[in-house]
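Asks: sequence and predicted structure, then a few things I'm wondering about:
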Amino acid sequence: MGDLPGYSRTTQLASSSNASRGNDHSGSTYSISLEDGRARKWLTLYVHSRSPNPTSLPCFYQNDKITGRVDLDILQSESLKAITIKVTAGTTFVGQEEDEFLNIENELWSPSVPLPDGSNVSKLERGIYSWPFLITLPREVEVLDGKVKKGFPLPATFSERAGVGYLDYKLTVTIKRKALRVNKTLVTSFAYVPMVRSQPPSPMLQRAIKENRPLPGPEDDPAGWHVLPAVNVRGTLFDSRQVEVTCTVRSILPKLPDILITPLQLALANPLTYARGISAPVWLTLTGTDVQALGLFSSPSAIRLFLVRSLATGLDATMELDDSERRTDNFFLETVSKGVFWPSADGSSREGRKETRVLQGEVEVKKSFKPSCLFPRFTTRYHMELRPFEAPGFVPAASSTTAMASSRASSKSKLPSNASSMAPLLKHPVKIVNFPAPGIVLRSHMPPEYAQEKGADYNNSVGLLENGNQRFYHHGAAGDR
């Protein structure tokens, strides 16, 4: 082998019943090769991972070990400098070079490192060689955050079509050659999944979930719900009269004191940490004296509750700032899901001139969503956002919302030209994680007649792609270096 052969990238299947050696889980074996001009695979990387399909890129959970082997088929002997395998990870943004935050390199062979059989050789003779490898990923990495180095948990892989940025993990085999000869590399990306679980809900909610019964509402299980500050919604109805409705939102979260007033209230189910692939329960209460306005506002099509994702990529990404304080060229908002509501079993009630309407709902947290992530220059957050109602004949007042709490979230989001109709009445942060609490899966309780709304596309990206040079080389390539 006076010269290592030329190559083309090829991927072959290599299923294995014991694919995940070194890890206590089943999976598959992924392989990728370099070929010479005669389609002979002369360098092959095998990777054992959790991925159920050997055609898919490898996938590792937190605490997994990266295991596999490297095969080298040599036709003619050659003196090489070394053969290495390394794990790297970094972030890449539009028009920028990759910013690497992880680099672990292991030497498989060099003239000073013996072969797997224990023999020492100064060069590799003709034959087939195989090197097993095992790489342990750290739980944390030290990264510069602003001007200070801090420890952060390894972030999850982040890759989206036409995205503004990527967070990618790679496994690279390098044949290092002597003198001025070009190195050969074989590269594959892999997915990394942090083992973060949601917290369990209240005991009453847990029982209802496990027994597949209707969820108890905020009145029956106060500890199981988080009540957001009540909001007054004011405006003109059918150009004839002024109306005011109070809205309260509740969700599964740490319980806050109820605000007993006549507006809207929203409750989210506790805790406010939702696993991907579940349906997050929501409770909405509307109170007012105008029965017609209540009827219009309590129509499921009038209620606009959204799950919104933000991606912050600037130097202030990890800082807790209001959206209005961030730059539009490194802060991106995206509406990823819309809440669906239906009349609850509690129905409506009346006390004097005030009437109350109660609606139950849920927000789908799809399995495809990226988890929340706090990481320098790549921080992903989520929040629930209640936007102005869309009711026939209703025109909101210029200043139509007043949150009944001193801690009201700011509504100064960076929104497009129709921002006036999208500015939220309420916002509250939530966290998206990869796995549910053990034994707890929040399934949908949505009546079948409302399910069709769930599949609609509510995506709405907000932000400026100011640099059109989208240079992302994706992902799993082989080449000369």
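Replies: Done, it's in.
Asks: bridging residues for L426?
Replies: L426 forms beta bridges with L386, as assigned by DSSP bridges.
Asks: distance check, it against P229.
Replies: Distance of L426 to P229, computed by Cβ to Cβ, to the nearest Å: 7 Å. C-beta coordinates here come from the backbone N, C-alpha and C atoms, glycine included.
Asks: also D71?
Replies: Taken as Cβ to Cβ, the span from D71 to P229 is 62 Å.
Asks: ok so, going back, tell me which of L426 and P229 has more neighbours.
Replies: Under the neighbour definition other Cβ atoms under 10 Å, L426 and P229 were set side by side, and L426 has more, 26 against 23.
Asks: tell me the pLDDT at the more buried one?
Replies: If you check L426, the pLDDT there is 90.
Asks: was I right to think it contacts T248?
Replies: No. Contact criterion Cβ atoms under 8 Å: L426 and T248 do not qualify, at 9.5 Å.
Asks: need the overlap of contacts for the two.
Replies: Shared contacts of L426 and T248, defined by Cβ atoms under 8 Å, 6 or more residues apart in numbering, comprise L228, V231, L266.
Asks: what about the last one, distance to I209?
Replies: Think L266. 21 Å.
Asks: more neighbours: those two, which one.
Replies: Taking other Cβ under 10 Å, L266 and I209 do not tie; L266 has more neighbours (29 against 21).
Asks: grab the nearest non-local neighbour of that one.
Replies: Spatial nearest neighbour of L266, chain neighbours left out: V249 (0.5 Å); criterion: Cβ to Cβ, 6 or more residues apart in numbering.
Asks: and the one you found, helix, strand or coil?
Replies: strand (DSSP: H, G, I helix; E, B strand; the rest coil).
Asks: coming back round to it: now tabulate the shared contacts of L426 and T248 in TSV and tack on secondary structure and distance to P447.
Replies: Output for the shared contacts of L426 and T248, formatted as TSV (DSSP: H, G, I helix; E, B strand; the rest coil; distance: Cβ to Cβ, whole Å):
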residue	secondary structure	distance to P447
L228	coil	24
V231	strand	26
L266	strand	20
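Asks: min pLDDT across the residues you listed, which one?
Replies: Among those, L266 has the lowest pLDDT, at 80.
Asks: do you know how far that one is from K86?
Replies: For L266 relative to K86 (Cβ to Cβ), the value is 49 Å.
Asks: quick check: phi and psi on G127?
Replies: Main-chain torsions, G127, degrees, to the nearest 10: phi 150, psi -180.
Asks: who's it bridged to?
Replies: I74.
Asks: the residue most central in space within the chain: which element?
Replies: The C-alpha lying nearest the average C-alpha coordinate of the chain belongs to K370 (Cα atoms, centre = their mean; 1.1 Å). Secondary structure assignment for K370, by DSSP states H and E: no helix or strand.
Asks: residue contacts, it?
Replies: With Cβ under 8 Å, 6+ apart, K370 has these contacts: A156, F158, E160, R309, T380, I432.
Asks: quick one: the fifth one and E160 touch, right?
Replies: Spelled out, that is T380. No. At 11.1 Å, T380 does not count as touching E160 under the criterion of Cβ under 8 Å.
Asks: helices of this structure, start to end?
Replies: Along the chain, the stretches classed as helices by DSSP state H are 203-210, 291-297, 419-422.
Asks: any chance of those in TSV, with distance to D36 and mean pLDDT too?
Replies: Listed next are the helices of the chain as TSV, based on distance: least, Cβ to Cβ, whole Å; pLDDT from 0 to 100:
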stretch	distance to D36	mean pLDDT
helix 203-210	57	92
helix 291-297	70	89
helix 419-422	58	49
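Asks: would you turn the shared contacts of L426 and T248 into CSV with distance to L137?
Replies: Shown next, in CSV, are the shared contacts of L426 and T248 (distance: Cβ to Cβ, whole Å):
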residue, distance to L137
L228, 39
V231, 45
L266, 40
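Asks: now L374. Its backbone dihedrals?
Replies: The phi/psi pair for L374 (degrees, to the nearest 10) is phi -110, psi 110.
Asks: switch to numbering from 753
Replies: Let's use 753 as the start, then, which means that last one is L1126.
Asks: check contacts around the residue nearest to it when sequence neighbours are not counted.
Replies: Distances taken as Cβ to Cβ, 6+ apart put T1070 closest to L1126, at 5.7 Å, once the chain neighbours are dropped. Taking Cβ under 8 Å, 6+ apart, we find T1070 in contact with D897, A1064, L1126, F1127, P1128, T1131.
Asks: ok, 6 Å please
Replies: D897, L1126, P1128, T1131 (Cβ atoms under 6 Å, 6 or more residues apart in numbering).
Asks: isn't the last one up against A1069?
Replies: So the one you mean is T1131. Yes. Between T1131 and A1069 there is a contact at 4.1 Å, judged by Cβ atoms under 6 Å.
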